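Engineer: One predicted model, sequence on top.
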Amino acid sequence: MSDKVVTVNGAAVPAGDTLKDVVRGRTIVAGRIDDRPVDLTAPLKGGEIIETIDSSSLDGLDIIRHSCAHVMAEAVILLFPDARPTIGPSTEDGFYYDFDRAIPFSTEDLERIEQKMAELIAADAPFIRKEMGRQEAMAYFQEKGEPYKVEILSDIVEGTVSLYEQGSFVDLCRGPHVPSTGYIKAFKLLSVAGAYWRGNERNKMLQRIYGTAFSSEKALHDHLTFLEEAKKRDHRRLGRELELFMISDDIGPGLVVYLPKGGILRSILEEFEKKLHLKNGYQIVYGPSLLRGKLWEISGHMDNYKEYMYFTELDNQLYGIKPMNCLAHIQIYKSRVRSYRDLPLRFFELGTVTRHEKSGVLHGLMRVRQFTQDDAHIFCRPDQIIDEITSIIELVQRAMAIFGFEYQIEVSTRPEKSIGSDEDWNMATQALIDSLDKKGLPYEINAGDGAFYGPKIDVKIKDAIGRMWQCATIQCDFSLPARFDIHYIGSDGSKHSPAMLHRVVFGSMERFMGVLIEHYAGAFPVWLAPVQAVVMNITDAQADYAASIAGRLTDAGVRVELDKRNEKIGFKIREARLSLVPYMLIMGEKEKGQGIVTVRDRSGQQNTATVDEFIAMVQNATPQI
Ligand SMILES: [Zn+2]
Ligand SMILES: [Zn+2]
């Protein structure tokens with residue numbers, strides 16, 4: 001034993017030759033030496049500060065999943081020698097590996113791959129790290145007929161790269177990995193999908209196999225149950241079944257069409273928003289979709305946001321289709337001289353914006369190419385910033401309470417690609433933080449994730465099954481007011497620069513609707529339900545009575561559908577239940593005779609009520625803003 005000493009998890013211990021010599025237990029999958037994640041085979045010099053990475057920690061899971069991707073790739077190559085491996089990273093809750101293969105993998109193929117993986121894991125093959133020069137590695141993969149690895153290597157700077165070998169498979173990888181395949185305790189392959197090489201639609205379409213791995217069978221089982229639940233709530237399927245929206249290839253990817261039921265849901269949300277904002281001192285405005293290229297140059301979008309924008313030419317002039325609503329609001333501010341007494345000014349717009357998202361990231365309503373923001377810009381004096389941010393936070397809290405969402409807050413700071421002085425960034429970031437502190441709200445710092453023109457507060461809401469979704473943001477910006485040279489006349493009679501706050505509450509109407517569909521699993525609360533009640537008669541004898549009740553309800557603003565088809569009442573109830581409508585109003589001879597209705601709710605509970613009582617019940621279900 002040498003006399004070298006290292007610190008492991010805060011305790012000094014005698015060191016061996018490698019990390020493996022100083023850690024104990026099969027749940028330790030890797031380590032961190034002086035903050036650098038490393039394999040357990042990493043050599044020790046003595047004096048290192050070491051932390052161990054346990055299999056159930058987030059970092060540990062990441063290493064297990066990533067190692068599992070290597071094992072999957074080995075299994076795939078053994079079973080399908082024509083498949084060429086590309087890349088296989090871990091993701092937030094699993095991993096994938098992309099293969100270049102002419103024939104797509106089938107569900108049966110996945111089962112065979114899983115079986116082969118189980119064999120490879122049972123063999124407990126060690127992960128062996130090798131280092132070589134970049135040129136040598138390129139020659140190695142060239143020789144093996146793996147052009148994708150060669151391409152990756154050709155993009156990186158000269159130097160040493162690491163290769164990992166387990167069993168018959170060698171991959172170019174930074175590591176670390178678990179010591180041997182036997183450390184992978186529970187895994188499952190989930191699905192296959194097409195994916196473009198490097199996410200670029202001009203590149204070749206590859207076959208992506210998704211899987212996940214956990215530190216125990218129990219944790220894997222819980223996750224698979226969660227995935228089942230998420231699948232049941234998938235807004236893309238529910239959107240189709242409940243006839244809310246469509247996204248069609250004829251129109252184009254990422255472009256949403258609202259069907260009548262989705263249209264009414266959106267208009268309910270928009271009415272809610274308009275009332276909420278008018279009550280809170282906002283003014284409703286609208287800007288055009290096209291604005292001159294010159295404005296996008298002044299704003300900095302040409303330099304910092306061009307790849308997300310669409311442009312067109314009118315009368316030989318360049319126009320940009322707005323990806324944000326800010327610029328028209330700045331022009332509204334500029335439309336007259338503003339005095340310090342006029343501020344704050346709060347302009348609200350349900351503004352439709354268009355952004356060029358890559359086709360690979362588009363996802364139902366959650367990620368689209370054209371969406372409507374509940375956007376507002378607040379122009380205020382520097383001494384009003386904290387109060388304004390605080391009242392935006394209160395507005396967000398009020399809105400989220402109505403939907404019953406819990407939320408988490410993050411503060412995103414200056415990104416690499418950005419405009420404005422350090423001084424302004426610091427002032428803006430501090431204002432956001434001070435406002436949160438003033439409200440006593442906890443938050444996390446998200447370094448480098450701000451907008452290019454200012455730092456922001458992100459509010460992430462938690463849905464019914466615990467998933468987090470980005471919704472509200474509040475951004476503090478001193479750059480755009482300076483770039484557009486806007487000002488107000490202060491009490492001293494001279495010109496001053498206002499601060500500009502950009503903020504959304506729901507974020508995108510599309511995404512918020514997607515979240516609502518999944519949160520409620522399509523069973524919307526009464527006030528949001530596109531159809532609040534289906535009115536149905538038991539026999540033809542009550543058809544006119546049912547029609548007259550439906551008419552009265554419609555007049556009172558209740559959203560109803562009349563089902564007077566000559567079908568059995570049990571059949572009508574079943575259909576209405578499948579459409580997840582909150583109420584069914586059933587009309588038989590008794591109801592007709594007494595001029596009442598039988599109200600059946602989604603849980604199957606039945607009561608009788610007068611029509612006025614039912615109207616009051618529906619109206620009372622609408623939240624007061
Ligand atoms: Zn790896
Ligand atoms: Zn803005």
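Structural biologist: Cool, the structure landed. Ligands and ions are numbered 1, 2, ... in the order given.
Engineer: low-confidence ranges in the stretch 201-350 of the chain?
Structural biologist: Within the stretch 201-350 of the chain, no stretch has pLDDT under 70.
Engineer: the helices in the stretch 251-400 of the chain, which residues?
Structural biologist: 260-279, 293-299, 301-304, 326-334, 385-403 (DSSP state H, counting those that start in this stretch).
Engineer: need the ones you listed in JSON lines with mean neighbour count and distance to Y148, can you?
Structural biologist: C-beta: built from backbone N, CA, C; applies to glycine. Output for the helices of the stretch 251-400 of the chain, formatted as JSON lines (neighbours: other CB atoms under 10 Å; distance: least, CB to CB, whole Å):
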{"stretch": "helix 260-279", "mean neighbour count": "17", "distance to Y148": "41"}
{"stretch": "helix 293-299", "mean neighbour count": "18", "distance to Y148": "37"}
{"stretch": "helix 301-304", "mean neighbour count": "17", "distance to Y148": "31"}
{"stretch": "helix 326-334", "mean neighbour count": "21", "distance to Y148": "41"}
{"stretch": "helix 385-403", "mean neighbour count": "19", "distance to Y148": "45"}
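Engineer: For ligand 2, find the nearest of those helices.
Structural biologist: helix 326-334 (3.3 Å; CB to the ion).
Engineer: for the residue sitting nearest the centre point of the chain, helix, strand, or coil?
Structural biologist: Closest to where the C-alpha atoms of the chain average out (CA atoms, centre = their mean) is W469, at 5.0 Å. Three-state assignment for W469 (DSSP: H, G, I helix; E, B strand; the rest coil): strand.
Engineer: ok, R336 - how many residues close by?
Structural biologist: R336 has 8 neighbours, counted by other CB atoms under 10 Å.
Engineer: no, scratch that, I was asking about Q370
Structural biologist: Q370 sits with 19 neighbouring residues when counted by other CB under 10 Å.
Engineer: Please name the bridge partners of it.
Structural biologist: Q370 forms beta bridges with T354, as assigned by DSSP bridges.
Engineer: residue contacts, V5?
Structural biologist: A12, V13, P14, A15, G46, G47 (CB atoms under 8 Å, 6 or more residues apart in numbering).
Engineer: And the residues you listed, which of them are buried?
Structural biologist: Neighbour counting with 16 or more other CB atoms under 10 Å marks A15 as buried within the contacts of V5.
Engineer: could the contacts of V5 be laid out in a markdown table, adding pLDDT and distance to ligand 2?
Structural biologist: A markdown table is the format used below for these (pLDDT from 0 to 100; distance: CB to the ion, whole Å):
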| residue | pLDDT | distance to ligand 2 |
| --- | --- | --- |
| A12 | 89 | 54 |
| V13 | 87 | 55 |
| P14 | 87 | 59 |
| A15 | 84 | 55 |
| G46 | 88 | 55 |
| G47 | 88 | 52 |
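Engineer: so the residue nearest to the centre of the chain touches F506, yeah?
Structural biologist: No. Using CB atoms under 8 Å, W469 makes no contact with F506, being 10.5 Å away.
Engineer: what comes up buried for stretch 114-121?
Structural biologist: Under the neighbour-count criterion of 16+ other CB under 10 Å, stretch 114-121 has K116, M117, L120, I121 buried.
Engineer: The helix ranked longest in the chain packs against which elements?
Structural biologist: Secondary structure of the chain per DSSP state H: the longest helix is helix 58-79. Other elements packing on helix 58-79 under the criterion 3 or more CB pairs under 8 Å, 6 or more residues apart in numbering; DSSP states H and E are strand 28-33, strand 49-54, strand 84-85, strand 95-100, helix 107-122, strand 160-166, strand 169-172, strand 205-214.
Engineer: which one of the buried residues of stretch 114-121 is nearest I461?
Structural biologist: Relative to I461, the closest of the buried residues of stretch 114-121 is M117; by CB to CB it sits at 36.7 Å.
Engineer: Would you mind measuring from the closest one to A75?
Structural biologist: Plainly put, M117 is 5 Å away from A75 if you go by CB to CB, to the nearest Å.
Engineer: Repeat that for E567.
Structural biologist: 53 Å.
Engineer: Which one of those two is surrounded by more residues?
Structural biologist: Neighbours were counted for E567 and for A75 using other CB under 10 Å; A75 has more, 24 against 12.
Engineer: so who does the more buried one touch?
Structural biologist: I113, K116, M117, L120 are the contacts of A75 under CB under 8 Å, 6+ apart.
Engineer: The second one against L78, yeah?
Structural biologist: Same thing as K116. Yes. Under the criterion of CB under 8 Å, K116 is in contact with L78, at a separation of 6.1 Å.
Engineer: Same list, the helices of the stretch 251-400 of the chain, but as CSV with distance to H356 please.
Structural biologist: Below are the helices of the stretch 251-400 of the chain laid out as CSV (distance: least, CB to CB, whole Å):
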stretch, distance to H356
helix 260-279, 23
helix 293-299, 14
helix 301-304, 12
helix 326-334, 18
helix 385-403, 28
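Engineer: who wins for proximity to L227 among those?
Structural biologist: helix 385-403 (24.1 Å).
Engineer: Summarise which helices and strands the closest one is packed against.
Structural biologist: helix 260-279, strand 370-380, strand 406-412, helix 422-439, strand 456-462, strand 468-477, strand 499-508.
Engineer: 7 Å instead, please
Structural biologist: Counting contacts by 3 or more CB pairs under 7 Å, 6 or more residues apart in numbering; DSSP states H and E, helix 385-403 packs against helix 422-439, strand 468-477, strand 499-508.
Engineer: The helix or strand just after the first one pairs with which strands?
Structural biologist: Scanning forward in sequence from helix 422-439, with DSSP states H and E defining helices and strands, the next element found is strand 444-446. Sheet pairing here is set by DSSP bridges, and for strand 444-446 it gives strand 406-412 (parallel).
Engineer: between the strand it pairs with and strand 456-462, how big is the angle?
Structural biologist: Angle between the axes of strand 406-412 and strand 456-462 is 160 degrees (criterion: axes from the mean of the first three to the mean of the last three CA atoms, to 10 degrees).
Engineer: ok, residues contacting strand 406-412?
Structural biologist: 400, 432-433, 436, 441-446, 449-450, 455-462, 468 (CB atoms under 7 Å, 6 or more residues apart in numbering).
Engineer: Could you rerun that using 6 Å?
Structural biologist: Strand 406-412 has contacts (CB atoms under 6 Å, 6 or more residues apart in numbering) with 400, 432, 441, 443-446, 449-450, 456-462.
Engineer: Next, the buried residues of that strand.
Structural biologist: Result for strand 406-412 [16+ other CB under 10 Å]: buried residues Y407, I409, E410, V411, S412.
Engineer: Save the residues you listed as a markdown table, and put in distance to ligand 2 and pLDDT too.
Structural biologist: Below are the buried residues of strand 406-412 laid out as a markdown table (distance: CB to the ion, whole Å; pLDDT from 0 to 100):
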| residue | distance to ligand 2 | pLDDT |
| --- | --- | --- |
| Y407 | 21 | 92 |
| I409 | 19 | 95 |
| E410 | 19 | 96 |
| V411 | 18 | 95 |
| S412 | 15 | 94 |
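Engineer: Kindly reformat the residues you listed as JSON lines containing distance to V22.
Structural biologist: As requested, the buried residues of strand 406-412 are exported to JSON lines (distance: CB to CB, whole Å):
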{"residue": "Y407", "distance to V22": "43"}
{"residue": "I409", "distance to V22": "40"}
{"residue": "E410", "distance to V22": "37"}
{"residue": "V411", "distance to V22": "38"}
{"residue": "S412", "distance to V22": "39"}
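Engineer: thinking again about what came up before, next up, the contacts around the residue nearest to the centre of the chain.
Structural biologist: Shown in contact with W469 (CB under 6 Å, 6+ apart): I461, V515.
Engineer: Beta-bridge partners for it, please?
Structural biologist: In this entry, W469 is beta-bridged to I461, by DSSP bridges.
Engineer: so which of the contacts of strand 406-412 comes closest to ligand 2?
Structural biologist: So of these, ranked by how close each gets to ligand 2 (CB to the ion), first place is K456, at 10.4 Å.
Engineer: can you list the residues of this protein near ligand 2?
Structural biologist: M324, C326, H502 (CB under 5 Å from the ion).
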